[in-house]
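**Student:** What would the 3D arrangement of this be:
(chains A and B)
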Amino acid sequence: MTESDLNRSSQVFGGLRAVFFALAVACCVSPAAALDGLTDQDLATVRVNIVDLLASEPNLPLPVRQRQEALAAYYAGQGGELLWLGHERAPAFIEWMRSAADDGLDPAAYPTEQLVNLSDAIPVTDDRGRAIIELHFSAAFLEYASDLRVGRFLPRKVDPNFFLQKREIDQLAALEELASARNLDQFFIGWQPSAPEYEELRVALGDYRALGQAGGWPQVPMGETLKPGMTDPRVPMLRARLAVTDGASPEAPVGAEDLYDDELVAIVRSFQARHGLEIDGLVGRGTIVALNVPVEDRIQEIIVAMERWRWMPESLGEKYVMVNIAGFELTRVSDGKVEEKMAVVVGKPYHRTPVFSDEIRYLEFNPYWNVPSSIALKEELPKLRKNPGARAAAGFEAVRGDTVYPLTSINWNQYGPGNFPFRLRQRPGPNNALGQVKYMFPNQFNVYLHDTPSKSLFSRADRAFSHGCVRLSRPLELAPPVLAAGGLSGWDIGRVNQVVGSGQRTVVSLEKPLPVHITYFTAWVDQGVPNFRADVYSQDEKLIAALGGQSIAW
Amino acid sequence: MIQIPAPMRLLRATLAAFLGLGILGSASASTLDDVRSRGTLVCGISEGLPGFSDRDAAGAWYGFDVDFCRAVAAAVLGDPDKVDYVQLSATDRFKALTDSKIDLLSRNSTWTMSRDLDLGIDFAGIAYYDGQGFLAHALDGMSSALELLGARICVVSGTTTEDNAAAYFARNGMDVTFERFTDRTEARRAYAAGECDVYTADSSALAAERSLLEVPDDHVILREVISKEPLGPVTREGDAGWNELVRWTLYGLINAEEDGLTAAAVGDSANRDSAVALGKAAATEFGIADDWLAVVLASVGNYGEIFERNLGEGTPLAIRRGVNALWTQGGILYAPPMH
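**Tutor:** From the prediction side, this is the model:
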């Protein structure tokens, strides 16, 4: 390779971009001229130009400069063959970008048509121009690969309650993987978030888009609550609505068109189940509201859920526990299989349970409840002033230094905000706020999983009541599998009950910490059935705005 | 001498009024009377900004700011053509007003507190919600300013533009570099030549710049708007009546859009009556024609028509209504009702 090969292009590089525009205007070459009819010799020349540009050209386009290191490492490295020029990957990638919506991404966010035009505008004799095309393609590819795999946003920018780290893709690995993949489709399918939940959502997205294109579903008017066996002129509309998404037969039994019959009741119940509503077969306000959410909103919920999956850690762990705040549910997963589901109570909207991933490190049976100082001052102190005996009877005591004081031995009127030298705690027992066990994953938010004496809340469909912690409906049943997964043997339910029965505070550390993921998903697919939940913390709203560029724009 | 926290503003206003009288050399009580007796409105506009104030092949002024001058002339004098235009630079514009060289300033001027309080002028309202944005090469595939890590940014120096952008990127923890130019032509050339990755200025100006590039479609305006630049017409301080007339002309244009009263619609007598009813209180207060708003609408159209004609997607600027849409259509354009 000689100096003159490197500089075969006659352009002064500083104005290369301007030259491109001029070419785009004066375009008169055959389509995709830059990509066709390249010999191996041509490609080798282009590659030398690429390596040279990356090493010494100060005026490279921004997307190339932003990825310069990885691009240089790839093109100058072993292999380092051109990925786009003269290769079927280029048109295939154009097609991928055009259908970015299938991945829940925004086709307008990628320079698709510009890349097409650019390819068309560079004459075959321009090695530097072709080198730039190759680099533009690779830069756009890395952007798409990153958006697809780890998402478009820093989660905390969208919502300060999302404490997930923005991950970054290994750009060099992506380029190398692409080079060795059979084709682009194979690469992207392997590159998208690996959780099966993501792929299920992707399929659901296609289905709901198709429903949207077919006109969505009809609305069901509000009115008196429909009860099984009732006759109501809205029944045909209900039937038509459920025929679109829930398999109701569009044909009513002749002569009983307005009858809310058993078959339809069963379908309403399954609709209620997949929307997290009270499963009572009654079509009241809540059910009608859920029925009437337009298909466009459901599509947005799916897109938002897909985006959140991109934020999840690459590997959730072989065995793990996952809490979905919006679903008020905990799942325990082992080797990709859901072993157990249980209702949970999560934080109220003003005491949100944060979204993060951590590891359960120990269990504490018969725990003390150490009253957080904010609750001690705001909620407990007034009660102590009024009737310390009642709080003592509920198991509370005061601790100062190493000394424990009975509540009745202190004049609580002497103390208040700024002058409260005590820690309050509640002894283990039937009234203890944390119940009989807590699952600890020490974190900055002071959030953990625990039992509760307030069992009645679990029967409610919406369960956002706590101060931020996650309350479990069947806390002791979770202990044996968690302890086993944590590398401890011999912990069956009998032994758990024995420890609890002792009434003694008992800490059991896991040998192997167990991953726990606190998540927020308002859409998922369960055994082929799309599920939707209310946006209890209004997190969807913010993410949808951010995806549309609105939280940062006007 | 005892030092008193002097009511400086009052003093300045008094001085300005005194000086104003001196310059006018007349006993004229108000700008409105001046305009009436002169028979023309003297309106200050920019020296040329595509979409806002520009000249056609025949040398006639047109644009968003120009149309507002025309609207006020139509309201006061019944004829939108009775305007004398005075081209003003950014530096001269407010002084031209306080020196009584113009009756009204309609020149993409941002309403700020210091201007309002210190310069002896009064803003009459917000005619256009502008803000600083970024112009980028479409080929680079950027849609958000948050993707601009490492970017070289073209900026015209001597304005708050660079400070705004520097603060924005510092806030987002992003390193960028600025390439400074003394005027827009230079900045545009450098941007087009690839010496910068993006060009930052007020969004309306960027739309104008974009229309001047060789292939406008090869350039995109990123979605972020990083500053508030409320643009509006300005009058001299101390003439509350004139300021009110200008304000309600602006609000009349906006309310007319909300009510669906267009230039064509007011040709119909029922709609004309609606426009007359809408403008009634102002007609009484200022002693202008009963049908002033109908005349304004017939002359220049309502706010939406002015916007579309000069700035809209059918023009080279191709600016979408965005925040400048009516509050009923997702924007923040909101005029008080006219009863």
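**Student:** wait, doesn't residue A:110 sit right on residue A:99?
**Tutor:** No - in this structure, residue A:110 is not within contact of residue A:99 by C-beta atoms under 8 Å, at 11.0 Å. In short, each C-beta sits where N, CA and C put it, glycine included.
**Student:** Those two: which is more packed in?
**Tutor:** residue A:110 (23 against 11; other C-beta atoms under 10 Å in any protein chain shown).
**Student:** nearest spatial neighbour of the more buried one, skipping sequence neighbours?
**Tutor:** residue A:97 (4.4 Å; C-beta to C-beta, 6 or more residues apart in numbering or on different chains).
**Student:** wait, isn't the one you found in contact with residue A:141?
**Tutor:** No - counting by C-beta under 8 Å, residue A:97 does not reach residue A:141; the two are 9.2 Å apart.
**Student:** So if I had to pick from the two, which one is more boxed in?
**Tutor:** The neighbour count for residue A:97 versus residue A:141, taken as other C-beta under 10 Å, is higher for residue A:141 (26 against 22).
**Student:** How much space separates the more buried one from chain B?
**Tutor:** Here residue A:141 is placed at a distance of 11 Å from chain B (C-beta to the nearest C-beta, to the nearest Å).
**Student:** For the stretch 1-150 of chain A, just list every one of the helices.
**Tutor:** Counting by DSSP state H, counting those that start in this stretch, the stretch 1-150 of chain A has helices at residues A:3-6, A:16-25, A:40-56, A:62-65, A:68-76, A:89-98, A:112-121, A:127-150.
**Student:** quick one, phi psi at residue B:181?
**Tutor:** Recorded main-chain torsions at residue B:181 are phi -130, psi 150, according to degrees, to the nearest 10.
**Student:** What about it, how many residues nearby?
**Tutor:** 21.
**Student:** nearest residue to it other than its sequence neighbours?
**Tutor:** Closest to residue B:181 by C-beta to C-beta, 6+ apart is residue B:187, at 4.0 Å.
**Student:** check contacts around residue 285.
**Tutor:** I went with chain A, as the question did not name one. By C-beta atoms under 8 Å, 6 or more residues apart in numbering or on different chains, the residues touching residue A:285 are A:222, A:225.
**Student:** hmm, I had chain B in mind actually
**Tutor:** Per C-beta under 8 Å, 6+ apart, neighbours of residue B:285: B:241, B:244.
**Student:** Can you tell me the element it falls in?
**Tutor:** Following DSSP states H and E, the helix or strand that holds residue B:285 is helix B:280-286.
**Student:** can I get the CA coordinates of that helix in PDB?
**Tutor:** The C-alpha coordinates for helix B:280-286 follow below in PDB (Å, rounded to 0.1, in the frame of the first residue of the first chain):
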ATOM      1  CA  LYS B 280     -66.100  45.100  21.900                       C
ATOM      2  CA  ALA B 281     -64.500  46.100  25.200                       C
ATOM      3  CA  ALA B 282     -61.300  47.300  23.600                       C
ATOM      4  CA  ALA B 283     -63.200  49.300  21.000                       C
ATOM      5  CA  THR B 284     -65.000  51.300  23.800                       C
ATOM      6  CA  GLU B 285     -61.800  51.700  25.900                       C
ATOM      7  CA  PHE B 286     -59.500  52.900  23.100                       C
END
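**Student:** Counting neighbours, which bits of that helix end up buried?
**Tutor:** For helix B:280-286, the neighbour count (16 or more other C-beta atoms under 10 Å in any protein chain shown) marks B:280, B:282-283, B:286 as buried.
**Student:** pLDDT of it, averaged?
**Tutor:** In this model, helix B:280-286 has an average pLDDT of 94.
**Student:** quick one: it to chain centroid distance?
**Tutor:** Centroid separation between helix B:280-286 and its chain, computed with C-alpha atoms, centre = their mean, to the nearest Å, is 25 Å.
**Student:** What is whichever helix or strand comes after it packed up against?
**Tutor:** Where DSSP H and E defines the elements, the next helix or strand beyond helix B:280-286 is helix B:292-300. Judged by 3 or more C-beta pairs under 8 Å, 6 or more residues apart in numbering or on different chains; DSSP states H and E, the packing partners of helix B:292-300 are helix B:64-77, helix B:240-258, helix B:269-278, helix B:280-286.
**Student:** Let's have the ones you listed in TSV, adding distance to residue B:206.
**Tutor:** TSV is the format used below for the helices and strands packed on helix B:292-300 (distance: least, C-beta to C-beta, whole Å):
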stretch	distance to residue B:206
helix B:64-77	15
helix B:240-258	24
helix B:269-278	35
helix B:280-286	36
